[in-house]
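1. Make a model of this:
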Amino acid sequence: MWQSILAETAPTFWLPKGASTIAPSVDLLFNWIMWICIFFFFLVTILLVLFVVMFRHRPGVKRDVAAGHNTPLELTWTLVPSVIVVFLYYYGFREYMNMAIEPPNSYEIMATGQMWHWSFTYPNGHTDDELHVPINTPVRIVLQSQDVIHNLYIPAFRVKKDAVPGRYNRMWFEATDVGDYDVFCSAYCGTNHSTMRAKAVVQSPEEFKAWLAKALEQDNSGPPEAKGKRAYMRYGCVGCHTIDGSKLTGPSWKDLWGSTVNLTGGQTVLANEPYIIESIRVPGSKIVDGFSNVMPVLPVTDADIQNIIAFMKTISSHTSAADMPGATSAPATKPASPTTQPIGLLTSPTISY
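-> Predicted coordinates:
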């Protein structure tokens, strides 16, 4: 009864409105600890002030003998805090186990953290920068990191868990209210840590199923440059590379394709297809002058890279008309028949290559 009542309460000064099945128990434990701390703070403060006034030094007043051992008082301030602590431990451990062990029928979503972006991969293969979940359905989040330690934190669901490089962590929740909720990274992960935000969208089962089917259909439709822009968002490239020419952690993609790139050490390289592929597959192989080697290795496919290149071409002034996505090259000249070519060019052993 108290859980349902607490779940329906409005947001407080301390916490946003709870929107998951475990939010009421977390809020209750938080409020218990808070009010216990407030009670003892005022009790100790009031007694301290009272004793200072009562037992202050006054001229002509004989000093009392120091108080000795008082068994009832000793038992009171030992047993009462012990009972409170044991109760809080029992309740907290019980709710911790409830939060740690997900139901066996949970819907599984893979969450990947990287500087500075969250991406979520669904069982059908679709990857999105928003976390969509069906209401009243247990959801298991499997967390991984591509670079440093991140922490997936959804305040309205009262859940948070580290995403650690080289290992997988898990957490689960069951959303109870339809709507949009904030997703943060609560572990400092670098310069743009504060921008590592996402959105959790809770939908009805029917809306979630329709959204997932439409998202997968969009993944497989559209021209290459449109798929490339979606990949730019999905893999978190937007967190480090702008498309308007401004500078972030990485160089802007605006006018990058076909340009001459200045590298550390004074070298230069043409931003063509081999350079883009190498920069994605082996990020530290060539570092652009003025930037640091902080880009992680992304789990992109060859098709994703080709789509990203197509998108780069559309936002670069260095792209020729023949190089634009969808452009057809001029028909190649038909080679001469072998019988009409000089035989000496085919058979002479003195020709060097």
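
2. contacts, neighbours, all on C-alpha from now
-> OK.

3. Is L143 in a helix, a strand, or coil?
-> The assignment at L143 comes out as strand when based on DSSP: H, G, I helix; E, B strand; the rest coil.

4. hang on, I meant G245
-> Relying on three-state DSSP, one would call G245 coil.

5. Quick check: the gap between it and P251.
-> 8 Å (C-alpha to C-alpha, to the nearest Å).

6. So for the two, which sits in the more crowded spot?
-> Set G245 next to P251 and count neighbours by other C-alpha atoms under 10 Å: P251 wins out with 19 against 13.

7. Skip the chain neighbours and tell me the closest residue to the more buried one.
-> H241 (5.8 Å; C-alpha to C-alpha, 6 or more residues apart in numbering).

8. Can you report how many residues lie near the one you found?
-> 19.

9. Check V238 too.
-> Counted with other C-alpha under 10 Å, V238 comes out at 19.

10. Kindly state the domain boundaries assigned to the chain.
-> Per automatic domain parsing, the structural domains of the chain span 2-54+74-100, 107-218, 224-323.

11. Now do the contacts for the residue nearest to P251.
-> K247, L248, T249, G250, P251, S252, W253 (C-alpha atoms under 8 Å, 6 or more residues apart in numbering).

12. Closest to V159 out of these?
-> Relative to V159, the closest of those is T249; by C-alpha to C-alpha it sits at 29.5 Å.

13. three-state assignment of that closest one?
-> coil.

14. can you tell me which residues contact it?
-> The contact partners of T249, by C-alpha under 8 Å, 6+ apart, come to C240, H241, F291, S292.

15. Now which of those would you call buried?
-> Among the contacts of T249, those that count as buried by neighbour count (16 or more other C-alpha atoms under 10 Å) are C240, H241.

16. so which two of the contacts of T249 are the farthest from each other?
-> H241 and S292 (13.1 Å).

17. shared neighbours, the two?
-> What both H241 and S292 touch, as defined by C-alpha under 8 Å, 6+ apart, is the set T249, G250.

18. hey, where'd the helices end up in this structure?
-> 2-7, 23-54, 71-100, 205-219, 224-234, 273-281, 302-314, 343-347 (DSSP state H).

19. And the second one, what's buried?
-> Buried positions in helix 23-54, judged by neighbour count with 16+ other C-alpha under 10 Å: A23, P24, S25, V26, D27.

20. Tell me what the residue most central in space within the chain is bridged to.
-> In the chain, the residue lying closest to the centroid (C-alpha atoms, centre = their mean) is W118, at 3.1 Å. Legend: beta-bridge partners of W118 under DSSP bridges are G113.

21. Okay, it and Y188: tell me how far apart.
-> From W118 to Y188 the distance is 14 Å (C-alpha to C-alpha).

22. same deal with M196?
-> 10 Å.

23. The two: which has the busier surroundings?
-> Applying other C-alpha under 10 Å to M196 and Y188 shows that M196 carries more neighbours, namely 22 against 14.

24. Is it correct that S246 is in contact with S252?
-> Yes - S246 is within contact range of S252, at 6.3 Å (criterion: C-alpha atoms under 8 Å).

25. If you count surrounding residues, which of the two has more?
-> Regarding S246 and S252, a neighbour count based on other C-alpha under 10 Å identifies S252 as having more, with 17 against 12.

26. I'd assumed T242 was in contact with the more buried one.
-> Yes - proximity of S252 to T242 meets the contact threshold set by C-alpha under 8 Å, at 4.8 Å.

27. show me where pLDDT drops low in the stretch 101-250 of the chain?
-> In the prediction, the stretch 101-250 of the chain carries no residues with pLDDT under 70.

28. hey, where'd the strands end up in it?
-> 107-114, 117-121, 127-128, 131-134, 138-145, 150-154, 159-163, 169-174, 179-185, 197-203 (DSSP state E, counting those that start in this stretch).

29. mind listing what's buried in stretch 212-224?
-> Buried residues in stretch 212-224, defined by neighbour count with 16+ other C-alpha under 10 Å: L212, D219, P224.

30. Repeat that for stretch 187-194.
-> Those would be A187, C189, H193, for stretch 187-194 by 16+ other C-alpha under 10 Å.

31. Tabulate these in CSV, adding columns for distance to V269.
-> Output for the buried residues of stretch 187-194, formatted as CSV (distance: C-alpha to C-alpha, whole Å):
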residue, distance to V269
A187, 37
C189, 31
H193, 31
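
32. before we move on, back to that, isn't the residue nearest to the centre of the chain up against H193?
-> No - assessed by C-alpha under 8 Å, W118 is found out of contact with H193, at 11.5 Å.

33. Give me the number of neighbouring residues for L270.
-> With other C-alpha under 10 Å as criterion, L270 counts 15.

34. if I look at it, how far off is C240?
-> For L270, the distance to C240 - C-alpha to C-alpha - is 21 Å.

35. what's the answer for K161, then?
-> 24 Å.

36. what does K17 give?
-> Distance from K17 to C240, by C-alpha to C-alpha: 33 Å.

37. One more: A67?
-> Noted for A67: a distance of 67 Å to C240, by C-alpha to C-alpha.
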